[in-house]
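**Q** would you be able to build a 3D model of this:
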Amino acid sequence: MFSKSKINDPGPKTPEVKPATSTTPAGDTPKPSGSDFASTAPKAKPPASVLSSDLTVKGNLRTSGDIQIEGQVEGDIHAHLLTIGETATVKGECVADDVVIHGRIVGRVRGLKVRLTSTARVEGDIIHKTIAIESGAHFEGSVQRHEDPLTGNNAKVAPAAQATKEA
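**A** Purely as a prediction, here's the structure:
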């Protein structure tokens, strides 16, 4: 009474057959077609760079990735995610999208999100978009909220931008 018709079948009407290897110019070895997808796939996020507790660095650090400091740094640090470990001491400016402080910083901190845990010790100004300070954290300095804390001249940028808009 009922018959299954291929017209209503949800599968493809014409089967697509892909060759196992792609064609290449004469003399080259064929490469598997699966390698075409590897170049378009997003790259895995690399692990955070870690400076161990027995390491002392004198100089500036800059990365577009994540960095975790457990040792001593005398210099400025720029990163995407910056984690200052409990045993770490940083003397310099720390600039990152996210800053998590468990240890000690002597210098300015600039970040979109800044978090001081209960073991944090910060001696310097914090310029942030959002901030969280846990009970027990030690902080000496001023706190300023800015929409874009990652730019160095927050006070100087606004009047120049207004003058440009009015002109």
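**Q** can you list the strands that the host helix or strand of R115 pairs with?
**A** Following DSSP states H and E, one finds R115 within strand 109-116. The pairing partners recorded for strand 109-116 under DSSP bridges are strand 94-101 (parallel), strand 126-133 (parallel).
**Q** helices along the protein, start to end?
**A** Counting by DSSP state H, the chain has these helices, from start to end: 35-40, 154-166.
**Q** which one of these has the lowest average pLDDT?
**A** Ranked by mean pLDDT, the helices of the chain bottom out at helix 154-166, with a mean of 38.
**Q** which residues in this protein form strands?
**A** Using DSSP state E, the strands of the chain run over 49-51, 56-58, 61-62, 66-69, 72-74, 77-84, 89-91, 94-101, 104-106, 109-116, 121-123, 126-133, 138-140, 143-145.
**Q** thinking again about what came up before, output the strand holding R115 as CSV, nothing but the C-alphas.
**A** C-alpha atoms of strand 109-116 as CSV (Å, rounded to 0.1, in the frame of the first residue of the first chain):
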residue,chain,number,x,y,z
VAL,A,109,48.4,48.0,36.4
ARG,A,110,46.2,48.6,33.3
GLY,A,111,43.6,46.0,32.2
LEU,A,112,40.1,45.5,30.9
LYS,A,113,39.5,43.1,33.8
VAL,A,114,41.7,43.3,36.9
ARG,A,115,41.3,40.8,39.8
LEU,A,116,43.1,41.1,43.1
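**Q** outside of it, which residues touch it?
**A** 82, 93-101, 122, 124-134, 137, 139, 149-150, 152 (C-beta atoms under 8 Å, 6 or more residues apart in numbering). Where C-beta positions appear, they are placed from N, C-alpha and C, glycine not excepted.
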